[in-house]
Structure formats: C-alpha cells, structure tokens
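Asks: How does the following fold in three dimensions:
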Amino acid sequence: MSNLAQKRILLGITGGIAAYKSIELIRLLSKAGAQVQVVLTDGAKAFVTEMTLQAVSGHPVRSALLDPNAEAGMGHIELAKWADLVVIAPASADFIARYAQGMANDLLTTLCLATESPVLIAPAMNQAMWKHPATQANSQLLHERGVMSVGPADGAQACGDIGPGRMSEPSDLYNAMDAHFSASRQEQDLLGQHWVITAGPTMEAIDPVRYISNHSSGKMGYALAAAANARGASVTLISGPVQLPSPQGVQVVPVKSADAMLAACVNAMTSQADVFIGAAAVADFKMKTVCDQKMKKQADSDELTLTLVKNPDIIATLAQQNRAKTMVGFAAETHNVLEYAKSKRERKGLDIIIANDVSRTDIGFNQDSNQVTVISANDTWTPDKAAKSDLAVQLVDFIQHHLSNLHSSQ
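Replies: Next up, the predicted model:
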C-alpha cells in the first residue's frame, strides 16, 4: 500500500505554464488513494480551468478567500486543518515572496499561514528569476522555517531560456510526497539540527565554452542529504552541476565554481551548523584569467599552455572559521588511500574524514555503490560495500553518534 493512501493533500496551484503538470500530479495522487483538494490563485486560472481540476480531483476547486458560502463555516481555516500535507506546485516567484513575508492576501497564502501541517513547494519560474538574490533569499527563509522544497529542475524553459527553474516532474513530486509520509514514521532524532552538505563536481571556466571539471556524479552527497533529512534534519545541499532530482525536503543551492560553492557555504552557515559534510569533488585549480572569448587553435603550434592557480580550500576554510560543530570531509584517492586520508583530516582540522578509493571501477565516481573507510580521532571503520543510499544511512548514524558524544562531553 502506498504511503499516500488515505492522506489528505491540499494542492495549491499558482500562475505559470507549469500549472498543466499539476493535473498529472492529481491523477497520480488519486490513483494512490489520496484525497486531493485544489486551491487556485487568480494567476493559475490563466493556465488551467476549475472544471478540469474538479473532474480530476473529484472535489470542488476553491480560489476565493472571501467566498460567502464557504466562509459561513470559516472555510479557509477548515481547509487548513483538513490537510495532512500542503503542496504548492507550481510555486511562482510571486507566491514564494508573499509567503516568505507572511502575507495573506489570497486564499492560498492565507491557508499556508493558517495550517499547522507540513508545507512542500515546487518552485517554477524563469531561470533568471530563480537565480535572483531576492528569490534565493525568500526560498532560504522558507527553508529555515521548515518548508520543504522539491526542485526546480534544470533544462529548457517555455521562454526559450535554459537553466534551473523548471517545475519538477509530477512523478518526482509524487515520490517526494510518498517519502515524506514514509519518513514521518521513522526516528526523527535529528530534529532541530542544521546539516550543510556539498555534492557533485565544480566547473572552472577556461573560456565561454570550455571548463575544467571531474567525473563526480553527486550521488553520494545527494544520498547523505536525503538520509539526514529523513531523520528530521534541516538540510542545505550545495550542489555542483549534476543530473539528479532534488532530494525531498532538502534546500538545494546550485553552484558551478569552487568560489561560488564556498560563498554558498558561508551564506548557509551564518549561524553555526551542527554538521558540515564536504562530499563535493572540488577542482584543485582554476584559470588565473578566464578568457572572455573562445580560445582558438594556433595553426603554428600543437601545444597550449594554461596558467592555473589554486582554488580556495573550502572545507579547511570552514573548519578554521568554526562554521560547524562537526566537520566531515571526503578524501578521494587513487593510492595510499588511508595514509593520505589521515593526513588530510589532521591538516585541515576535520573531525571525521571518509576515505574513498576512486581507482576502483566498481565504486565511487558515477557508480551507484560505494565502499569507504571512516576515520575519526578515535575510530577507523570500514563498512561493507553497499548502495550509496544504504551507505549514507550508516554514515549519518556514525556522524550523529559522534555529535551526540560531543554534546555529552560539553
């Protein structure tokens, strides 16, 4: 039986071309046995009709805050109490801004302020609007208040732009909602904790079309983010370019370069985080000067010399600034794995380092499985080879045990 069976889902739809996807989401939820009631904003009516949504959901569609018939029984409060989960898909930049500022000037924002149930949003907008500092600040504020988020996805948009801003697919939202109700039955021993995790590769530009990067898929970092979130932690996942869906309930901050990743980490850790995990494969070097035009081959030479300089050491910088109570790093090595990992832990001032032998073709980069050795000041532990999702659960256990011991000794 689906975790969504008999669950009451209040689905808010805001204005945007992605509103059409919500019809498929309602169908999936209804097929799983969930009850769905729909609330439309005025902007959403330009893209989907109340009659269609009523036919798919089997319930009348609400859109007016001051509906005389519904408000005779304080209908907006009744709806807010009815829902087991409030989902906004798509969530426009305008809605995110109004919700973040506590406005209640339509039925949907009023419901979000009046409900005591969890809220999940699926952002959808033009890529420039999503990247705008105001939208990022509003999204971060909602995340800090416990609002879950899925997406946005990266790709081609209706306006012709390409970048992050597409609403996640209905199947991804369905899976996130199913995982939410599954996780709600799990032990929530990380409630109140803030974990910051980096994942994926960085991309260091050479010119407008070329860059330096590596083979990291981001799967390990994403699995760790999902495992920590499932146990109640508020998780900020700072991700290099990857082809992975955003983990349910996790605030994903997309970046490209090492400089951008460090800035995002500092921004996410303005107050001390409980745990930082540096799972990203950060490029060691970047161009001293990035060419503003595509570099051309020289007809009289078969060689090209690039001048590189060191990138910032993200995890060492954060450790020196005491940005987290527990600092965890990864050591991706091809030889002398344990020796190099131990040296790296001590040199960078880390509490825990996770050594990864990336010379093996059956684990590590771009693989679904991994095997690591976990090293702390007092312990060395090598769990069995496992799927990254299963290994992540074990690693979160180890890190939480370390954090609990830290608290008990203070």
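Asks: quick one, strands of the stretch 101-250 of the chain?
Replies: 119-123, 148-149, 153-156, 162-166, 194-199, 204-205, 211-212, 234-239 (DSSP state E, counting those that start in this stretch).
Asks: average pLDDT for stretch 238-256?
Replies: Mean pLDDT, stretch 238-256: 90.
Asks: out of everything not next to it in sequence, what's closest to Tyr174?
Replies: Sequence neighbours aside, Leu28 is the residue nearest to Tyr174 in space, at 4.6 Å (criterion: Cβ to Cβ, 6 or more residues apart in numbering). All C-beta atoms are positioned from the backbone trio N, CA, C, and that covers glycine.
Asks: what's the helix or strand for the one you found?
Replies: Per DSSP states H and E: Leu28 is located in helix 21-31.
Asks: how far does stretch 210-218 stretch from start to finish?
Replies: This stretch, stretch 210-218, spans 21 Å end to end (Cα to Cα, to the nearest Å).
Asks: no, scratch that, I was asking about stretch 93-112
Replies: End-to-end for stretch 93-112, by Cα to Cα: 16 Å.
Asks: Now tell me what touches that stretch from outside.
Replies: 10, 12, 14-15, 39-43, 62-65, 76, 79-80, 86, 88, 113, 119, 121, 123, 125, 129-130, 132, 134-135, 137-139, 141-142, 147 (Cβ atoms under 8 Å, 6 or more residues apart in numbering).
Asks: chain center to it: distance?
Replies: 22 Å (Cα atoms, centre = their mean, to the nearest Å).
Asks: Next, the buried residues of the helix holding Leu28.
Replies: Within helix 21-31, the residues that count as buried by 16 or more other Cβ atoms under 10 Å are 21-23, 25-26, 28-30.
Asks: Run through the stretch 251-400 of the chain and note the low-pLDDT ranges.
Replies: For the stretch 251-400 of the chain, the stretches flagged by pLDDT under 70 are 363-366.
Asks: Val374 touches Asp397, doesn't it?
Replies: No: Val374 is beyond contact range of Asp397, at 10.5 Å (criterion: Cβ atoms under 8 Å).
Asks: the more surrounded of these two?
Replies: Val374 (20 against 14; other Cβ atoms under 10 Å).
Asks: And the more buried one, how far from Ser389?
Replies: From Val374 over to Ser389 the distance is 17 Å, taken as Cβ to Cβ, to the nearest Å.
Asks: Kindly reformat the buried residues of helix 21-31 as a markdown table and extend each row with pLDDT and distance to Cys159.
Replies: Formatted as a markdown table, the buried residues of helix 21-31 follow (pLDDT from 0 to 100; distance: Cβ to Cβ, whole Å):
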| residue | pLDDT | distance to Cys159 |
| --- | --- | --- |
| Lys21 | 91 | 16 |
| Ser22 | 92 | 19 |
| Ile23 | 92 | 21 |
| Leu25 | 92 | 22 |
| Ile26 | 92 | 26 |
| Leu28 | 92 | 27 |
| Leu29 | 91 | 29 |
| Ser30 | 89 | 31 |
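Asks: which of the contacts of stretch 93-112 count as buried?
Replies: By 16+ other Cβ under 10 Å, the contacts of stretch 93-112 give 10, 12, 14-15, 39-41, 43, 62-65, 76, 79-80, 86, 88, 119, 121, 123, 125, 129-130, 135, 138-139, 142, 147 as buried.
Asks: Restricted to helices, list the residues you listed.
Replies: Of the buried ones among the contacts of stretch 93-112, the ones assigned to helices by DSSP state H are 76, 79-80, 129-130, 135, 138-139, 142.
Asks: who are the neighbours in contact with Met125?
Replies: Met125 sits in contact with 16, 92-93, 135, 152, 165, where contact means Cβ under 8 Å, 6+ apart.
Asks: Near the residue nearest to Val242 when sequence neighbours are not counted, how many other residues are there?
Replies: With sequence-adjacent residues excluded and distances taken as Cβ to Cβ, 6+ apart, Val242 is closest to Gly218, at 3.6 Å. By the criterion of other Cβ under 10 Å, Gly218 has 23 neighbours.
Asks: Please tell me how far Gly218 sits from Thr307.
Replies: 29 Å.
Asks: what's around the residue lying closest to Ser234 once chain neighbours are set aside, how many residues?
Replies: In this structure, Ser234 finds its nearest non-sequential neighbour in His194, 5.0 Å apart by Cβ to Cβ, 6+ apart. If you count neighbours by other Cβ under 10 Å, His194 ends up with 22.
Asks: I'd like the distance between the residue nearest to Tyr174 and Met220.
Replies: Going from Leu28 to Met220 by Cβ to Cβ gives 29 Å.
Asks: First-to-last residue distance for stretch 350-362?
Replies: End to end - Cα to Cα - stretch 350-362 spans 28 Å.
Asks: same check, this time on stretch 150-170
Replies: End-to-end distance for stretch 150-170, by Cα to Cα: 11 Å.
Asks: My guess is Ser92 contacts Gly15. True?
Replies: Yes: between Ser92 and Gly15 there is a contact under Cβ under 8 Å: 5.6 Å.
Asks: Common neighbours of the two, please.
Replies: By Cβ under 8 Å, 6+ apart, Ser92 and Gly15 have these common neighbours: Gly43.
Asks: Kindly state the domain boundaries assigned to the protein.
Replies: 1-185, 189-293+303-410 (automatic domain parsing).
Asks: quick one, longest helix in this protein?
Replies: helix 388-409.
Asks: can you give me the angle it makes with strand 194-199?
Replies: Helix 388-409 runs at 140 degrees relative to strand 194-199, counting by axes from the mean of the first three to the mean of the last three Cα atoms, to 10 degrees.
Asks: Pull the residues that contact helix 388-409.
Replies: Contacts for helix 388-409 (Cβ under 8 Å, 6+ apart): 189-190, 193, 219-220, 223-224, 226-228, 231, 274-275, 277, 325-326, 328, 351-352, 354, 367-372, 374, 376, 381, 383, 386.
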